[in-house]
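In: below are the sequence and a predicted model for it; my questions follow.
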Amino acid sequence: MSTLYGLDKEIQEKLDSKYSVAREQEAREWIESTIGEPLPSDDFHESLKDGVVLCKVIGKLVPGQGKYKESRMPFIQMENIAKFLAGAEALGVPKHNLFQTVDLYEKKNMLQVVDAIFAISRYGYKAGTCNTFLGPKLAEKNEQNFSREQLNASNAVFNTYQYGYNKGANQSGMSFGARREIAGRDPYAQYK
């Protein structure tokens with residue numbers, strides 16, 4: 001990995017400072033419980049870098065999506081990561097919750113990798129393909145169906161808040177465009 005300078009270095013330092021080892025450990029445990037085997041290395045990045053473990057995860061969550069090749073060749077490892085990301089999208093994970101292949105392969109943004117694993121766990125749980133999830137549960141869609149009568153009744157309601165009328169507010173003594181004297185001092189004196 002090349003040495004970073006200037007703005008690139010500052011950005012990388014900022015990303016590294018936000019990284020949480022506790023969240024990494026949660027992600028590690030979730031992956032191990034999902035695939036039913038321990039990660040091959042104590043180094044989280046090294047365990048995921050070839051994409052094999054990630055493909056095993058996506059294979060459990062989205063049947064038929066977990067095909068991978070074991071190889072030491074970089075382009076095959078990156079291809080495995082790309083297959084994982086495609087499987088995550090097939091699961092319903094939005095693209096903005098995922099990472100780019102270089103984020104993991106070149107260890108550029110491990111924070112985003114861990115965040116993506118959290119998101120994938122939630123979508124897998126929602127789909128019913130895994131028993132646990134990480135982070136907050138996904139919100140359920142709450143559709144409201146109103147009858148034509150209810151919609152028409154809502155049109156008859158006069159919204160006083162948008163016009164500045166509020167029964168609870170005390171607006172006495174206020175007038176549009178008036179200057180206020182505060183304790184005998186003119187707040188606008190400095191501008192004269």
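Out: Arrived safely, thanks for sending. Keep in mind it's a predicted model, so treat the numbers as computed, not measured.
In: burial count for residue 42?
Out: 9 (other C-beta atoms under 10 Å). Every C-beta, even on glycine, is put in place using the N, C-alpha and C of the backbone.
In: does it belong to a helix, a strand or coil?
Out: coil (DSSP: H, G, I helix; E, B strand; the rest coil).
In: so what's it up against?
Out: Residues counted as contacts of residue 42 (C-beta atoms under 8 Å, 6 or more residues apart in numbering): none.
In: apply 10 Å and report the result again.
Out: Contact analysis of residue 42 by C-beta atoms under 10 Å, 6 or more residues apart in numbering lists residue 28.
In: pLDDT score for it?
Out: Note for residue 42: predicted pLDDT of 91.
In: with the one 4 residues further on instead?
Out: Among the per-residue scores, residue 46 holds a pLDDT of 94.
In: next one: residue 157
Out: With respect to pLDDT, residue 157 has a value of 73.
In: how much space separates it from residue 150?
Out: In this view, residue 157 and residue 150 are 11 Å apart by C-beta to C-beta, to the nearest Å.
In: again with residue 23
Out: Distance of residue 23 to residue 150, computed by C-beta to C-beta: 45 Å.
In: out of the two, which sits in the busier spot?
Out: For the pair residue 23 and residue 150, the greater number of neighbours falls to residue 23 (16 against 10), based on other C-beta under 10 Å.
In: and the helices in this structure?
Out: Taking DSSP state H as the criterion, the chain carries its helices at 6-18, 21-35, 44-48, 52-61, 74-91, 101-105, 110-127, 148-155.
In: what angle separates the fifth one from helix 110-127?
Out: In this structure, helix 74-91 runs at an angle of 40 degrees to helix 110-127, with axes from the mean of the first three to the mean of the last three C-alpha atoms, to 10 degrees as the basis.
In: which helices and strands does helix 74-91 pack with?
Out: Judged by 3 or more C-beta pairs under 10 Å, 6 or more residues apart in numbering; DSSP states H and E, helix 74-91 is in contact with helix 44-48, helix 52-61, helix 101-105, helix 110-127.
In: among the ones you listed, show me which one is buried the most.
Out: With neighbours taken as mean count of other C-beta atoms under 10 Å, the helices and strands packed on helix 74-91 reach their highest mean count in helix 52-61, at a mean of 22.
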